[in-house]
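Enquirer: predicted model and sequence below, questions to follow.
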Amino acid sequence: MPLYLNDEQAMLADTAKDFVAANAPVGHMRALRDSDDPTGFSRALWKQFAEMGFTGVLVPEADGGLGLGHVEAGVVLEEIGRNLSPSPFLTTAVAAVAALDGTAQRERWFPGILAGDTVAALAIDEGRKHDGRIAMAAERSGNGFRLRGAKRFVTHGHVADLLLVAARTAGSAEDADGITLFAVPRDAPGLTVTAERLADASIAAGIAFDGVALDADAVVGEVDQGSAVLARLLVAGRAGASAEMLGVGGGAMDMTVGYLKERKQFGVPIGGFQALQHRAAHLYSEMEVARAAVLKAQQLLDAGDPGAAAAVSVAKAMTGLAATLAVQEGVQMHGGIGMTDEYDIGFYMKRARVLAEMFGDTNFHANALAQSAGY
């Protein structure tokens, strides 16, 4: 598979670039933060995403969506990252759709996602970092279940209409088997939600489940067999987060290169200094390698290749490193102004840090790849 976009994907990229830049530039995020907006994103903008068809990019045509793939979803996410646009696109239109696709739950939730009325949140993590452990209990109760436990860092969890909750119906916290995924309405009795603003001004939530009662219809997939559905959710989320990080890193690099061309010392642009040229060239090459890794992972996902999960881990690890390099070099080469809140480059650093942790950081994925290779 060639590592470049085809004509249709390039057209989508142009459309997404123009739409996001016009409707959700960096200033949009800054305004939400400065106003202490309690939602963390614009519901009106989410409706506009739906009107553009973006919310249905992964929804099959038979269910009213566009029936496209992860390459196309990544095209939209890269522009979201480049503009630091607060949006539930990653959690809802990518990860949640991937989990619900092919299950009975899609009939209930896909119409709202397609219309831009529904926001989904992923209640997966329980510790300080993403580690794959699922300890929260789902106890049998009549024909249904009761959820007891807590989840952390649930992005959009304070306002989501749908919570996708991974809970344990058998085995111990480290076991891959015995996991069940549940679709929980946000207004279910027994939920206690504590919203928390993260470093990048986005809002996540800690959610406590105190005997939340669910009927059997809330199960996504099969009881005790949720690891397969969870794997679909995570691989889609990781590929999407990688694409968004690619946009964050690319946006930071563009800002930095522009600054190197404009800022003058000793009467000449600082981009003319060889040391800074070398650093900019190194950054560009690292971003291009990460871009190739992301596109390859997306293509393998769309092809249903058995090696897709490993490729996604490579992409997540590499974009974590490349985006971190981009934002660090950006702040350093901007000098003192890069440390101020008035200049946008610092926002890229904060967003890159949050995305790097989502669905596992570079060390998590490097370790997973090493273990799969027998180390």
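Expert: Done, it's in.
Enquirer: where exactly do the strands run in the stretch 51-200 of the chain?
Expert: For the stretch 51-200 of the chain, the strands defined by DSSP state E, counting those that start in this stretch occupy 120-123, 137-141, 144-155, 162-168, 179-185, 191-197.
Enquirer: and the fifth one, how far out from the chain's middle?
Expert: It refers to strand 179-185. 19 Å (Cα atoms, centre = their mean, to the nearest Å).
Enquirer: so which elements touch that strand?
Expert: strand 144-155, strand 162-168, strand 203-214, strand 219-220, helix 226-262 (3 or more Cβ pairs under 8 Å, 6 or more residues apart in numbering; DSSP states H and E). The way it works is simple: take the backbone N, C-alpha and C, and place the C-beta from them, glycine included.
Enquirer: helix or strand with the lowest mean pLDDT in this structure?
Expert: strand 264-265 (a mean of 88; mean pLDDT, DSSP states H and E).
Enquirer: that strand pairs with which strands, parallel or anti?
Expert: Paired neighbours of strand 264-265 in the sheet (DSSP bridges): strand 268-269 (antiparallel).
Enquirer: list the buried ones in the next helix or strand after the strand it pairs with?
Expert: Per DSSP states H and E, the first helix or strand lying C-terminal to strand 268-269 is helix 274-303. By neighbour count on 16 or more other Cβ atoms under 10 Å, the buried set for helix 274-303 is 276, 279-280, 283, 286-287, 290-291, 293-302.
Enquirer: mind giving me the packing neighbours of helix 274-303?
Expert: So helix 274-303, by 3+ Cβ pairs under 8 Å, 6+ apart, packs with helix 70-82, helix 226-262, helix 308-334.
Enquirer: and this protein, what are its domain boundaries?
Expert: Here the chain is described, according to automatic domain parsing, as comprising the domains 7-118, 122-224, 228-372.
Enquirer: JSON lines for those, including distance to residue 1?
Expert: Compiled in JSON lines, those are given as follows (distance: least, Cβ to Cβ, whole Å):
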{"stretch": "domain 7-118", "distance to residue 1": "10"}
{"stretch": "domain 122-224", "distance to residue 1": "29"}
{"stretch": "domain 228-372", "distance to residue 1": "5"}
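Enquirer: grab the nearest non-local neighbour of residue 171.
Expert: Closest residue in space to residue 171, ignoring its immediate chain neighbours: residue 178 at 3.2 Å, by Cβ to Cβ, 6 or more residues apart in numbering.
Enquirer: pick the most deeply packed of the strands of the stretch 51-200 of the chain.
Expert: strand 120-123 (a mean of 28; mean count of other Cβ atoms under 10 Å).
Enquirer: CA atoms only for that one - export them in CSV, please.
Expert: What follows is strand 120-123, C-alpha atoms only, in CSV (Å, rounded to 0.1, in the frame of the first residue of the first chain):
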residue,chain,number,x,y,z
ALA,A,120,-19.7,9.2,24.1
ALA,A,121,-17.1,8.8,26.8
LEU,A,122,-14.8,5.9,27.5
ALA,A,123,-14.7,4.7,31.0
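Enquirer: that strand pairs with which strands, and in what direction?
Expert: strand 162-168 (parallel).
Enquirer: list the contacts of the strand it pairs with.
Expert: For strand 162-168, contacts defined as Cβ atoms under 8 Å, 6 or more residues apart in numbering pick out 95-96, 99, 109, 118-124, 134-138, 145, 147, 149, 151, 154, 157, 175, 178-186, 191, 207, 209, 220, 226, 230, 233.
Enquirer: please save the CA atoms from that strand in CSV.
Expert: Extracted as CSV, the C-alpha positions of strand 162-168 are listed here (Å, rounded to 0.1, in the frame of the first residue of the first chain):
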residue,chain,number,x,y,z
LEU,A,162,-23.2,7.4,26.7
LEU,A,163,-20.5,5.8,28.8
LEU,A,164,-18.8,2.8,27.5
VAL,A,165,-17.7,1.0,30.6
ALA,A,166,-15.2,-1.9,30.8
ALA,A,167,-16.0,-4.0,33.9
ARG,A,168,-15.0,-7.4,35.2
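Enquirer: the chain should start at 7 in everything you say after this.
Expert: Will do, 7 is the new start, and the previous item becomes strand 168-174.
Enquirer: now do that strand against strand 185-191, angle only.
Expert: Put simply, strand 168-174 runs at 150 degrees to strand 185-191, going by axes from the mean of the first three to the mean of the last three Cα atoms, to 10 degrees.
Enquirer: angle of strand 168-174 against helix 232-268?
Expert: 120 degrees.
Enquirer: okay, the angle between strand 168-174 and strand 197-203?
Expert: Using the same axes, to 10 degrees: strand 168-174 against strand 197-203 is 110 degrees.
Enquirer: for the nearest residue to residue 214 once chain neighbours are set aside, give me its contacts.
Expert: Of all residues not flanking residue 214 in the chain, residue 198 sits nearest, at 4.2 Å (Cβ to Cβ, 6+ apart). Counting by Cβ under 8 Å, 6+ apart, residue 198 touches 213, 214, 216.
Enquirer: ok, of these, which come out buried?
Expert: So, by 16+ other Cβ under 10 Å, the buried ones in those are residue 213.
Enquirer: what comes up buried for stretch 65-82?
Expert: Quick answer for stretch 65-82 (16+ other Cβ under 10 Å): 65-66, 69, 71-72, 74-82.
Enquirer: JSON lines for the contacts of residue 198, including distance to residue 45 and pLDDT?
Expert: Output for the contacts of residue 198, formatted as JSON lines (distance: Cβ to Cβ, whole Å; pLDDT from 0 to 100):
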{"residue": "213", "distance to residue 45": "17", "pLDDT": "97"}
{"residue": "214", "distance to residue 45": "21", "pLDDT": "97"}
{"residue": "216", "distance to residue 45": "25", "pLDDT": "97"}
